[in-house]
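Participant: model the following, please.
(2 chains)
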Amino acid sequence: MSFLQRSRLFRSIVRHGLPDSVRNRALVTFTNFFLHIQPVKVRLRAMQFTRTFYLGGLSAACFFILVVTGVLLMFYYHPSVPRAYEDMKDLEFVVSSGVFLRNLHRWSAHAMVALVMLHMVRVFFAGAYRPPREFNWVIGVVLLLLTIGLSYTGYLLPWDQLAYWGVTVGTNMAAAVPVLGDQIRFLMLGGHGVNENALIRFYVLHCVVLPLALTVGIALHIWRVRKDGGLYLPPKG
Amino acid sequence: MPPLALGRMILISAVLAVAFVAALAVAPAQSYFTEWRRVQEQYNAAARASGKSAMEVQIQQIWNPTLGVVDRCTSCHVGMGGIEPIPGAPLFAAHPPIPHDPAEIGCTLCHAGQGRATTERDAHGKVHHWFDPILPRGEEEAGCGSCHSALPVGAPDIAAEGKRLFERFDCLACHRVEGRGGAKVTAIGAPDLSGIGLAGFSPGWHEHHLGRHRAESSGPFLENYGPLDAREADAIEAYLRTLVAAPRISEGKRLFHTRGCRGCHKIGGVGGEDGPELTQVGRKGIETMLFPAGFEGPETVRDWHVAHLLSPASVVPGSTMPNLHLARSEAESLALYLLSLRRSEVAAAYWPPDRLRVEKLGEREFGTDGRTLFQVFCSACHGTSGEGHRYGELAQAFPAVANPDFLAVAPDDFIIQTLRKGRPGRRMPAWGAMESGLRPAEVEAIVRWLRSREPVPPPFEEVARAVPDANLGRETYARECAVCHGANGEGAIGPSHNTAVFAALADDRLLYRTIVDGRSGCAMPRFRDLDARTLASLLGFIRSLSAGDAPKPDLTRLDGLPAGDPVRGAAAYAGACFVCHGEAGMGGAAPAIGGRTFLDAASDRFLAGNYLMGRCRDQKGVAPSGGAPAPHSEDTSAPRAGGDAAAVADAIAWLRSEAARPVARRNLWQAGGDVTRGSSLYARTCAGCHGARGEGKEGPSLNLPEFQSAAADAYLAATIIRGRRGTAMPKFSLDQPDFPRLGAQEVRDLVTFLRSPGGTGHK
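Facilitator: Here you go, the predicted structure:
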């Protein structure tokens, strides 16, 4: 073991020893890309399950699952009017584990919306939005909107009756906005009807624009948690 | 961190990790243990047992990009998809023989269902909201309608006659049709005719059979083939064209097209507008059907259609579809036909001949003779032979359009215009090309057929031979003619015919033709139901009216009448005749002389003589235009001295050339009565049945704009005078128990009121 640790290859990747001392444990967090979003030190109180119910982390986990399954689904999906629905049927009937993939994506998406909302409720009742964290609350609201936007844009992609009418109704609701309503609808659909323009627009939003925005938003969100000294903890006593 | 907390976390993480891996493992298992894999493994076991080669276990599919077909049905129904079938086992057996190759066109085009699916429930479409579930057992034939959207039905009557002849002449001895006959089929190789209507047959089949019949000394051609005449061969051909290897649909379609269903329902854009279009009614989903409480039998699409056909209003509340009182077997046939109305969009390369002929070449799937057209479009309301109909549940009775009194007074253009424009406000839809898809030639064929329902008058030769009876002539004249022509032929609505000039000019043949053909453009109806003796008596009586009129006119002026020039004649007509006889001789103050029936019957000599010899009468208040020969008056007994015979000949030539032009001309005869008197007469006499404002009560409405524009004054006058037997409309020219007898002037007053904006007419 110690031989391995001393090898040049190992040292080129990991620059600290086993986390057996306070210094090494701090180094693990400092030098690891995936862990450095964490504060260097976490209080034990902050780790209690009932403190956060891990809602933020679970939301992020859902997003991770959605990205992975989403990319796999993209291998089978053409965002075009004649093919979209047929691809859905092929995923259901002939692609190996296609049903599993689609259902995983679908249920994770539902779960993510629910978890993000619960996360927000938890933060509200814990009072964690109070200064100096008020801007992070604003970022959180933006993340909620992005999540809902992803959920809505994904709804059109199967191109079945449910999708078609869901989007028809949704965009007509947007058209009811005073003064700018019709322009908003036009912008959403890329035209005046739910057709191939709307499909490609929703597809690009769902697969590129919104996930990228969400990724950046999540990074910002967690980074600010860290900068504000980790999780908000109420004063003792 | 306390060891306990850390340990618990590790435990929770470990449990979750195991659950995650388990979930990942289940996913591929789920896509491995499938129905089709089990079926194919069973096939392989059976194949090995019977010494056949095993198949590779994988999803099978029929892919036809031209048709847009991806059918994976053969993953389970392996015997139908190119794998060697094993007879007996339903899934491993081959497809029953059909004219198509299932491996090419797939399954769902005919059978419906969800071809992309690979589980039984999904593939058979028995999942929520799948729009086109598989056709149930016993209804497979309906699938033909997917591509064969226009199977020929022909002229049902002729085809039925053909079928009778086909069986009577023992064609079934050699030929097989729909599973019957064909005992000698193997002996001489006579073809199975079940699908001959689509495959087509040689037009020379009859000559071929006849030749063999004459040449052979023994065998089926001699023993079983009876020589047919041309009409019988035609009827058999009509029958053969309806043989499309789908007998149950053909039967339903025949019923549909003999019960007049297309009078209200369009198929492929052709039909009436009252009911829903049925082009794709076979795709109507069960979720759109309401089954009333206490519905008998299973709740299937077919049973819904059957129940609806048997009693429409009890299945669809408020339905205005009449109950046709079908037998249950008829309703079942019709229901199967309705299920077959499931036209798919398929690539034109795969269009069957029937669909190409109807949808691309503009042919008809039904016969285009008037009789068939009437059956297809009109018979539901007007009865199979135009005898009219009253459905118990509908307030409206549908008129008897073949009523001889109606046909006697209604000119063709009245019927044609009524057909084209319909009668909005009543159930009569418009049969114009735009509204109904019916072509003008077809509308005319229907009118011609209606005309053929009129009685056939005795030929002139028979009338000429008949012995006249003075009393019969007088009675008939008093009953039918006196009201218009006056009791002594002095003329009223119609022209006089009691002068010596008339007697000298008009021969019996002209009188005969005018009586039996009527006079288009005039109130003169067609008297086709008089027998030869009555007609001869009538002619005799008319001749007797002019017996006292003297002196006998000198007709030498009419000899050597020059041939007229129609170009010069236009001006001559406008100068001399237009004032009274109206545009192109269609009538006005004086009788119409431009009608084709009249001009065909009347000789140039007759026409010229009327003008030159003095039969035209002065029209009060209308001055003859200057320069032209003034019309002379009836009461001058001396023949008119003036008049340019050449100009008259020109006018006649022009009139004939106008009548030959294929333009529909309206009757322009005007009643010219008094509105006020007509109004009080209407209130006393007509309002009881036709309503105070002509809105219709027991009698038909008279105030609809379409009726007013189609019906000319002459039609109204002739209908009032003649009445309509078989209806409540009396013959007003005779004494009636409940109605006053009307004279010529009263009829004029009534008609004028009917046309006036203050009466039932419209501005």
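Participant: the residue of chain A found nearest chain B: neighbour count?
Facilitator: Across chain A, no residue is closer to chain B than A:F100, which sits at 3.6 Å (C-beta to the nearest C-beta). (Glycine included, C-beta is placed from N, CA and C.) By other C-beta atoms under 10 Å in any protein chain shown, the residues close to A:F100 number 19.
Participant: my read is it is in a helix, agree?
Facilitator: Yes - looking at A:F100 with DSSP: H, G, I helix; E, B strand; the rest coil, it is inside a helix.
Participant: tell me the contacts of it?
Facilitator: Shown in contact with A:F100 (C-beta atoms under 8 Å, 6 or more residues apart in numbering or on different chains): B:V26, B:A27, B:Q30, B:S31.
Participant: same check, this time on B:E140
Facilitator: The contact partners of B:E140, by C-beta under 8 Å, 6+ apart, come to B:C110, B:H111.
Participant: what about the strands in chain A?
Facilitator: Taking DSSP state E, chain A contains no strands at all.
Participant: point out the residues in it that sit beside chain B.
Facilitator: Within chain A, the residues that sit near chain B (C-beta under 8 Å from any C-beta of the partner chain) are A:44, A:47, A:86, A:89-90, A:92-94, A:96-101, A:161.
Participant: can you say which helix or strand has the residue of the stretch 601-750 of chain B found nearest chain A in it?
Facilitator: In the stretch 601-750 of chain B, the residue that lies nearest chain A is B:E706 (39.4 Å; C-beta to the nearest C-beta). Using DSSP states H and E, B:E706 sits within helix B:705-710.
Participant: average model confidence for that helix?
Facilitator: Helix B:705-710 shows an average pLDDT of 85 in the prediction.
Participant: so which bits of it are buried?
Facilitator: In terms of neighbour count (16 or more other C-beta atoms under 10 Å in any protein chain shown), helix B:705-710 has its buried residues at B:E706, B:F707, B:Q708, B:A710.
Participant: quick one on the thing from earlier: for the residue of the stretch 601-750 of chain B closest to chain A, give me its contacts.
Facilitator: Residues near B:E706 by C-beta under 8 Å, 6+ apart: B:T418, B:K421, B:G422, B:R423, B:P424.
Participant: take the residues you listed and write them to CSV, including neighbour count and pLDDT.
Facilitator: Shown next, in CSV, are the contacts of B:E706 (neighbours: other C-beta atoms under 10 Å in any protein chain shown; pLDDT from 0 to 100):
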residue, neighbour count, pLDDT
B:T418, 21, 90
B:K421, 20, 88
B:G422, 21, 89
B:R423, 19, 85
B:P424, 12, 80
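Participant: from these, which land in helices?
Facilitator: B:T418, B:K421 (DSSP state H).
Participant: out of the contacts of B:E706, which comes closest to chain A?
Facilitator: Looking across the contacts of B:E706 and measuring by C-beta to the nearest C-beta, the closest to chain A is B:P424, at 34.9 Å.
Participant: ok, that closest one to B:C689 distance?
Facilitator: 21 Å (C-beta to C-beta, to the nearest Å).
Participant: quick check: which ranges of chain B have low pLDDT?
Facilitator: For chain B, the stretches flagged by pLDDT under 70 are B:1-5, B:184-188, B:393, B:395, B:549-551, B:614-643, B:663-668, B:758-763.
Participant: give me the residue at the spatial middle of it.
Facilitator: Nearest to the mean C-alpha position of chain B, by C-alpha atoms, centre = their mean, lies B:L373 at 3.1 Å.
Participant: and the residue of chain B nearest chain A?
Facilitator: Ranking the residues of chain B by distance to chain A (C-beta to the nearest C-beta) places B:A27 first, at 3.6 Å.
Participant: list the residues that contact that residue.
Facilitator: A:S97, A:F100, A:L101.
Participant: tell me which element it falls in.
Facilitator: For B:A27, the host element (DSSP H and E) is helix B:3-32.
Participant: the strands in chain B, which residues?
Facilitator: In chain B, the strands defined using DSSP E lie at B:62-64, B:69-71, B:176-177, B:180-181, B:389-390, B:397-398.
Participant: most packed of those strands?
Facilitator: Among the strands of chain B, strand B:69-71 has the highest mean neighbour count (mean count of other C-beta atoms under 10 Å in any protein chain shown), at a mean of 22.
Participant: does that one reach chain A?
Facilitator: Yes - using C-beta under 8 Å from any C-beta, strand B:69-71 reaches chain A at B:V70.
Participant: parallel or antiparallel, list what pairs with that strand.
Facilitator: Note on strand B:69-71: by DSSP bridges, its sheet partners are strand B:62-64 (antiparallel).
Participant: return the distance of the nearest residue to B:C689 once chain neighbours are set aside relative to B:A500.
Facilitator: Of all residues not flanking B:C689 in the chain, B:G699 sits nearest, at 3.5 Å (C-beta to C-beta, 6 or more residues apart in numbering or on different chains). B:G699 sits 44 Å away from B:A500, taking C-beta to C-beta as the criterion.
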